[in-house]
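Chemist: Build me a structure from this.
(2 chains)
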Amino acid sequence: EAQVTQNPRYLITVTGKKLTVTCSQNMNHEYMSWYRQDPGLGLRQIYYSMNVEVTDKGDVPEGYKVSRKEKRNFPLILESPSPNQTSLYFCASKDALRDTQYFGPGTRLTVL
Amino acid sequence: SQQGEEDPQALSIQEGENATMNCSYKTSINNLQWYRQNSGRGLVHLILIRSNEREKHSGRLRVTLDTSKKSSSLLITASRAADTASYFCATDRSNDYKLSFGAGTTVTVRA
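Modeler: The predicted structure follows:
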């Protein structure tokens, strides 16, 4: 089954404790991205990756890092999380032929 | 920055009625897409309309695009309780590889 998976689905952590949210897709898509969703603001893009070893900033990259060492994986790293990073995070991969994105189930992060 | 803005923010209709929501955007686009999100879950792609298209249909969905007004509309005909969700428009811009989402329209279909 074609899908995007994220782990963990829920995470409660404390300020400053480094964390990684994993994202994996099995559709061989080259383009992947991370979004955060906050009430009233819709989805905002954090980072995106056009292919392996190619990443670029989205609209809200501050406080986040990403890496793309393999085509299927695109982890999101919070080196020193802060309470304003409490949010719902979505990973997505893009079918370039159809210009459509497939979203993971989301990771709800709470930073205390 | 947010590219698309949906209107209205919320919509409540009776089962069987049609639901219409609008999206306005600011810069030129390659295409505009509509997604559905059930409460707290991932987004599901509904339909894509390219900048050279004016109208598109998919099942009970009808999307229009007016590039001169930088606006799009999504019509859901004969709504069902299962259509209760948030709907987002997203613009794929001409000069970069970002997909920009609006804040969404929350649709409630009453049985």
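
Chemist: Tell me which residue of chain A is furthest from the middle?
Modeler: What lies farthest from the middle of chain A is A:L97; by C-alpha atoms, centre = their mean that is 21.8 Å.

Chemist: Assign that residue to helix, strand or coil.
Modeler: coil (DSSP: H, G, I helix; E, B strand; the rest coil).

Chemist: From chain B, how far out is it?
Modeler: Noted for A:L97: a distance of 11 Å to chain B, by C-beta to the nearest C-beta, to the nearest Å. Placement of C-beta: from N, CA and C, glycine included.

Chemist: Cross-check the contact I'm expecting between B:D83 and B:T108.
Modeler: No: counting by C-beta atoms under 8 Å, B:D83 sits too far from B:T108 to count as a contact (9.2 Å).

Chemist: Among these two, which residue is more densely surrounded?
Modeler: B:D83 (18 against 14; other C-beta atoms under 10 Å in any protein chain shown).

Chemist: still on that earlier bit, now the residue farthest from the centre of chain A: how far from B:K56?
Modeler: 17 Å (C-beta to C-beta, to the nearest Å).

Chemist: so where do the strands sit in chain A?
Modeler: For chain A, strands defined by DSSP state E occupy the ranges A:4-7, A:10-13, A:19-25, A:31-38, A:42-51, A:54-57, A:65-66, A:76-78, A:87-95, A:100-103, A:107-111.

Chemist: Can you lay out those strands as a markdown table showing mean pLDDT, mean neighbour count and distance to chain B?
Modeler: Below are the strands of chain A laid out as a markdown table (pLDDT from 0 to 100; neighbours: other C-beta atoms under 10 Å in any protein chain shown; distance: least, C-beta to the nearest C-beta, whole Å):
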| stretch | mean pLDDT | mean neighbour count | distance to chain B |
| --- | --- | --- | --- |
| strand A:4-7 | 97 | 18 | 8 |
| strand A:10-13 | 97 | 13 | 11 |
| strand A:19-25 | 98 | 19 | 12 |
| strand A:31-38 | 95 | 23 | 7 |
| strand A:42-51 | 93 | 21 | 4 |
| strand A:54-57 | 94 | 15 | 8 |
| strand A:65-66 | 98 | 18 | 14 |
| strand A:76-78 | 98 | 19 | 15 |
| strand A:87-95 | 95 | 23 | 6 |
| strand A:100-103 | 90 | 22 | 4 |
| strand A:107-111 | 97 | 19 | 8 |
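
Chemist: For B:L61, which of those is the nearest?
Modeler: strand A:100-103 (14.2 Å; C-beta to C-beta).

Chemist: Can you list the strands that that closest one pairs with?
Modeler: Note on strand A:100-103: by DSSP bridges, its sheet partners are strand A:87-95 (antiparallel).

Chemist: What sits closest to the residue positioned nearest the centre of chain A if chain neighbours are left out?
Modeler: The residue lying closest to the centre of chain A (C-alpha atoms, centre = their mean) is A:W34, at 3.1 Å. Nearest non-adjacent residue to A:W34, counting by C-beta to C-beta, 6 or more residues apart in numbering or on different chains: A:I46, 4.3 Å away.
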